[in-house]
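> Sharing a model that was predicted from the sequence below.
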Amino acid sequence: MVIGLFGFGTVGKGVFDILAQRADMRVKYVLDLRPLPEVTTAKVTRDLEEILSDPEVDTVIELIGGMNPAYQFVKKSLLAGKNVITANKLLLSTHYGELVGLAKEKGVSLRFSAAAGGGIPWLVNLSRAARVSRIASVSGIMNGTTNYVLDSMDVLGKDFDEALGEAQRLGFAEADPSSDIDGLDTRHKTALSANVAFGVAVEDEAVDAFGIRFVKKLDTEYWKEKGYVLKLIGKACRVGEKGEAVAAYVEPTLIPKDTPEGNIHGCDNIISFEGSHIGKTHFIGAGAGRYPTGYAVVQDCVDVAAGLGGLYHESLVPTPLSNCKAAHAYYLRTDFTSDPFFVRLEKTPAGEGWRTTAVSVSEMHDFARRALAHGKEVFFAGFPEF
């Protein structure tokens, strides 16, 4: 396998290091705007066309991240007949249907197992399971930053700002942590997981996402006394009388401490699927990092070399989400008490807020958006079954 590597950041360096140890794979080009004097075994170039026009290069690895120019580079690579491997969750969750369709049309592989779960072999095993089992749901802790923050609040009794600041000092959170704490990173991974599990193409922005930005110490302390721990969970599941529809959402979730999800600490992730013939299966490990993510990227290279193809179903159905058909109880803390939804909501006092009876996911997320639009305080957490 002869490779063009796009990007030489944290993960790109990890992939380069791992590939350097293999005799069956060679990085011929590294695409980067910077001079890279440490790269001596490959040509460093700024010219994408130099790579795509080289017939010896059969595979490109996109590790630039973000939407642009990654989207243009990946699309051009597929059109040029190159296999593409990427860890770009934003790109794949946004343009999933288009890029998968293009890979099929050109008869090349598109693999992205590192885009959700990092070093955890999540998407590849989910894809294998979906070939035999009818997947009912996927769910889990998919973001290490939020898990670190919530774990610090639970175990060490820190408030949100203190826990987030510590995560930033340690390098577990970005200077701008919005993508993590607002649930957007988990939203991308949830959308991708839904697509692989159910053979659909959901719109990333249709996945309801409410993060942990507004959690307070009083929320975690109250529920800790009652045996619950707060985690940010992404979930996608079949809904409807016959499981004919799909729901997908991201929200803070109160989980019993005696469950696998309730015992994930630090920056670790846990992602699970449940399906016919197999029940519930958990995958636990490092969700990010230079070498864990690099390992997953190189595993995709090995799979492409073995002719295993892409990480998707042969059928790909554009599917609107039905979050109105997914319902469970919630903990809700808000001062937006004049809203008609809040007024009619069946609820009982719980700490500084209320515990509701089962309401639909779409109703609760819509309420939170209205509260924030009116400048009101709002935080909620789901009570699903685990």
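Received, thanks.

> gap between stretch 133-151 and the chain center?
The chain centroid and the centroid of stretch 133-151 are separated by 8 Å under C-alpha atoms, centre = their mean, to the nearest Å.

> let's have the chain start at 29 instead
With 29 as the first residue, the last one maps to stretch 161-179.

> And it, what's buried?
161, 163-179 (16 or more other C-beta atoms under 10 Å). Glycine gets a C-beta too; all of them are placed from N, C-alpha and C.

> Kindly report the same for stretch 194-207.
Applying 16+ other C-beta under 10 Å to stretch 194-207 flags E194, A195, Q196, F200, A201, P205, S207 as buried.

> what's the distance between the fifth one and T365?
In this structure, A201 and T365 are separated by 33 Å, where distance is defined by C-beta to C-beta, to the nearest Å.

> Could you do the fourth one as well?
Taken as C-beta to C-beta, the spacing of F200 relative to T365 amounts to 36 Å.

> With the first one instead?
Taking C-beta to C-beta as the measure, E194 falls 34 Å from T365.

> Show me the strands in the stretch 179-328 of the chain, by range?
Here the stretch 179-328 of the chain has its strands, by DSSP state E, counting those that start in this stretch, at 228-229, 236-237, 256-267, 273-284, 296-303, 307-314.

> what distance separates the last one from the centre of its chain?
When C-alpha coordinates are averaged (C-alpha atoms, centre = their mean), strand 307-314 and its chain have centres 15 Å apart.

> Can you give the strand pairings for it, parallel or anti for each?
Using DSSP bridges, strand 307-314 pairs in its sheet with strand 296-303 (antiparallel).

> how about the partner strand: buried residues?
By 16+ other C-beta under 10 Å, the buried positions in strand 296-303 come out as D296, N297, I298, I299, S300, F301, E302, G303.

> ok, now stretch 67-75?
Quick answer for stretch 67-75 (16+ other C-beta under 10 Å): V67, A70, V72.

> Mind putting those residues into a markdown table with secondary structure?
Listed next are the buried residues of stretch 67-75 as a markdown table, based on DSSP: H, G, I helix; E, B strand; the rest coil:
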| residue | secondary structure |
| --- | --- |
| V67 | coil |
| A70 | coil |
| V72 | strand |
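
> Put together TSV for these, with pLDDT on each row.
Converted to TSV, the buried residues of stretch 67-75 look like this (pLDDT from 0 to 100):
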residue	pLDDT
V67	94
A70	96
V72	96
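
> got these as JSON lines, with distance to G129 columns?
Formatted as JSON lines, these follow (distance: C-beta to C-beta, whole Å):
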{"residue": "V67", "distance to G129": "34"}
{"residue": "A70", "distance to G129": "31"}
{"residue": "V72", "distance to G129": "32"}
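
> Now do the helices in the stretch 79-228 of the chain.
In the stretch 79-228 of the chain, the segments counted as helices under DSSP state H, counting those that start in this stretch are 98-107, 117-122, 124-134, 150-160, 172-183, 188-197, 206-209, 212-226.

> So for E289, which of those helices sits nearest?
helix 172-183 (10.1 Å; C-beta to C-beta).

> Return the angle between stretch directions for that closest one and helix 212-226.
110 degrees (axes from the mean of the first three to the mean of the last three C-alpha atoms, to 10 degrees).

> Give me the helices and strands touching helix 172-183, please.
helix 188-197, helix 206-209, helix 245-252, strand 256-267, strand 296-303 (3 or more C-beta pairs under 8 Å, 6 or more residues apart in numbering; DSSP states H and E).

> what about the shortest one, distance to the chain center?
Taking the mean of its C-alpha atoms, helix 206-209 sits 12 Å from the chain's own mean (C-alpha atoms, centre = their mean).

> Tell me the helices and strands packed up against it.
helix 172-183.

> What residues of stretch 146-153 count as buried?
Buried residues in stretch 146-153, counted by 16+ other C-beta under 10 Å: G146, G147, I148, P149, W150, L151, V152, N153.

> how does this protein divide up, domain by domain?
30-139, 150-319+347-411 (automatic domain parsing).

> And those domains: which comes nearest G335?
Shortest separation from G335 across the domains of the chain is recorded for domain 30-139, at 8.4 Å, computed as C-beta to C-beta.

> and the closest one, how far apart are its ends?
16 Å (C-alpha to C-alpha, to the nearest Å).

> center of this structure - which residue?
K217 (2.1 Å; C-alpha atoms, centre = their mean).

> Looking at the buried residues of stretch 146-153, which is nearest D232?
L151 (15.6 Å).

> can you list the weak-confidence ranges in the stretch 129-278 of the chain?
Across the stretch 129-278 of the chain, not a single residue meets the criterion (pLDDT under 70).

> How many residues are close by P368?
Residues lying near P368 (other C-beta atoms under 10 Å) number 9.

> how much space between it and F395?
P368 is 10 Å from F395, by C-beta to C-beta.

> same check, this time on T173
Using C-beta to C-beta, we find T173 at a distance of 26 Å from F395.

> And T87, by the same measure?
Taking C-beta to C-beta, one finds T87 at 47 Å from F395.

> Please give me every residue in contact with F36.
Listed by C-beta atoms under 8 Å, 6 or more residues apart in numbering, the contact partners of F36 are F44, V58, D60, R62, L64, V67, L91.
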